[in-house]
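A.B. asks: Here is my input; please provide its structure:
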Amino acid sequence: FQHRQFQGCALHTGSEFDDVISRELECVQEKAEFLQEKLAKLEERHAIQTGELENFKGSKTHLEDMFVTKWQVLEKEKQQTDLELEKYRELLEAERNSATRVQGQLESEVKLLQHQLENQKQQISNQNSVMYELQHVISNIQQRQNEEFNRKSKVCSIQ
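C.D. replies: Numbering: from 1, shown residues only. Predicted structure coming up:
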């Protein structure tokens, strides 16, 4: 903007020309000071952002380290849990096998007891039949004895 004035000042006298140059120089110096301040602010902002970036990188590294550490801890816990789970699966399988054996033994014992119970029922039925026959025989004997007694009684009373 001042430059245009400078070009328009070609007809001015030397002192006016010096004034224009002085104003131009002042303007350039003000602009240089302004740019110097702007540069200082930009450098300060750059330093702050660089510090923030370093802090972020440090935080990021710290977070990554924490993540890796936590991941390693979780991985170890998972491995321990997997080992325990495998151990419990093996124990469960052993218990199932044992339960299957015991169940087979119990089923065999139940069949044996059922067979023995059937035999005992048959023996009781046989004994009941024998008892019934014995009672019948005893009843027949008693009836004969009564008849014999009655006959003897009649004979005795006739005599």
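A.B. asks: CA only for contacts and neighbour counts going forward, please
C.D. replies: OK.
A.B. asks: What mean pLDDT does the host helix or strand of Cys156 get?
C.D. replies: Element membership for Cys156, per DSSP states H and E: helix 14-158. When pLDDT is averaged along helix 14-158, the result is 91.
A.B. asks: Tell me which other helices or strands that helix touches.
C.D. replies: Under the contact definition 3 or more CA pairs under 8 Å, 6 or more residues apart in numbering; DSSP states H and E, helix 14-158 sits against helix 2-8.
A.B. asks: quick one: the residue at minimal distance from the centre of the chain from Gln36, how far?
C.D. replies: Among the residues of the chain, the one closest to the centroid is Thr81, at 9.9 Å (CA atoms, centre = their mean). Per CA to CA, to the nearest Å, Thr81 is found 65 Å from Gln36.
A.B. asks: just Glu147 next, same as before
C.D. replies: 156 Å.
A.B. asks: swap in His115?
C.D. replies: For His115, the distance to Gln36 - CA to CA - is 113 Å.
A.B. asks: Repeat that for Lys152.
C.D. replies: 163 Å.
A.B. asks: For Gln29, the count of nearby residues, please.
C.D. replies: 13 (other CA atoms under 10 Å).
A.B. asks: What of Glu64?
C.D. replies: 12.
A.B. asks: Run a quick neighbour tally on Lys154.
C.D. replies: With other CA under 10 Å as criterion, Lys154 counts 11.
A.B. asks: Pull the distance from the helix holding Cys156 to the chain's centre.
C.D. replies: In terms of CA atoms, centre = their mean, to the nearest Å, the centre of helix 14-158 is set 7 Å apart from its chain centre.
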